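A.B. asks: sequence and predicted model, in that order:
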Amino acid sequence: MGGLSLAISLFCLKLAFSIESVFGSTFEMRMLPVFLSGTMFIISLLVLFKAMNMPRELLVSPEEIQTMKIATARMFGVIFVGLIYVGLFYAVGYLASTAISMHLVMIVLGNSNHFKLATIAIFSAIVYQFIFMGMFGFYDPVGRLIDLSTLSEFLS
C-alpha cells in the first residue's frame with residue numbers, strides 16, 4: 001500500500017515539475033501542485049515506514065479492515081481526480097477545471113447532494129480565481145478546448 005502510494009506521489013511530483021514556467025520563476029503555476037505532490041510523497045514515506053515497523057501480532061477487527069478499504073478507495077479516488085484536474089487544466093483552463101474537480105472530489109468523498117456540491121464547487125472556484133489570479137496576479141492559461149478568458153478577466 002505504501003509502495004503504491006509512493007509511486008503515485010512520485011508520478012504526480014514529476015507531472016507537477018513538468019508544468020511550464022511562464023515568467024521563468026519557480027513559484028508560480030507549479031507551486032501548489034509541487035507542494036501537494038511533495039506533501040503526498042512525504043506522507044507516503046511515513047506510511048511506508050510505519051507499516052514496516054508495525055508489530056506482526058497486531059490484531060485488526062473486520063470492521064476496521066472494511067473502514068480502511070473504504071478510506072483507501074477514497075484516497076485513490078482523490079488522487080485520480082487530481083490527475084483529471086491536471087488534464088482538464090490544459091483543456092478548459094483554471095476556472096472550469098477547478099470547479100469540475102472540486103465537484104468530483106466531493107462525490108468521491110461520499111457527498112450526494114449534487115446541487116449543493118455544484119454550488120459549492122462553482123463558488124469556491126470563483127473565490128480561488130479571485131485570490132490567485134486577481135490578488136496574487138498569477139497567470140491564468142487559456143483552455144485549449146474552451147476559452148473562458150473573458151470570464152476569467154472579469155472575476156480577476
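C.D. replies: Right, received. Where do you want to start? Source: prediction; values computed, not measured.
A.B. asks: okay, now the unreliable bits of this protein?
C.D. replies: Residue ranges of the chain with pLDDT under 70: 1-2, 21-28, 56-59, 138-140, 147-156.
A.B. asks: quick check, central residue of it?
C.D. replies: By C-alpha atoms, centre = their mean, the chain has its centre lying nearest to Gly82, at 3.8 Å.
A.B. asks: name the SS class of it, please.
C.D. replies: helix (DSSP: H, G, I helix; E, B strand; the rest coil).
A.B. asks: now the one 5 residues further on
C.D. replies: Three states are possible here, and by three-state DSSP the one that applies to Gly87 is helix.
A.B. asks: next one: Val60
C.D. replies: Three-state assignment for Val60 (three-state DSSP): coil.
A.B. asks: not counting sequence-adjacent ones, nearest residue to it?
C.D. replies: Nearest residue to Val60 in three dimensions, chain neighbours excluded: Met68, at 8.0 Å (C-beta to C-beta, 6 or more residues apart in numbering). No exception for glycine: its C-beta is placed from N, CA and C like everyone else's.
A.B. asks: and if you look at Gly3?
C.D. replies: Of all residues not flanking Gly3 in the chain, Leu48 sits nearest, at 6.6 Å (C-beta to C-beta, 6+ apart).
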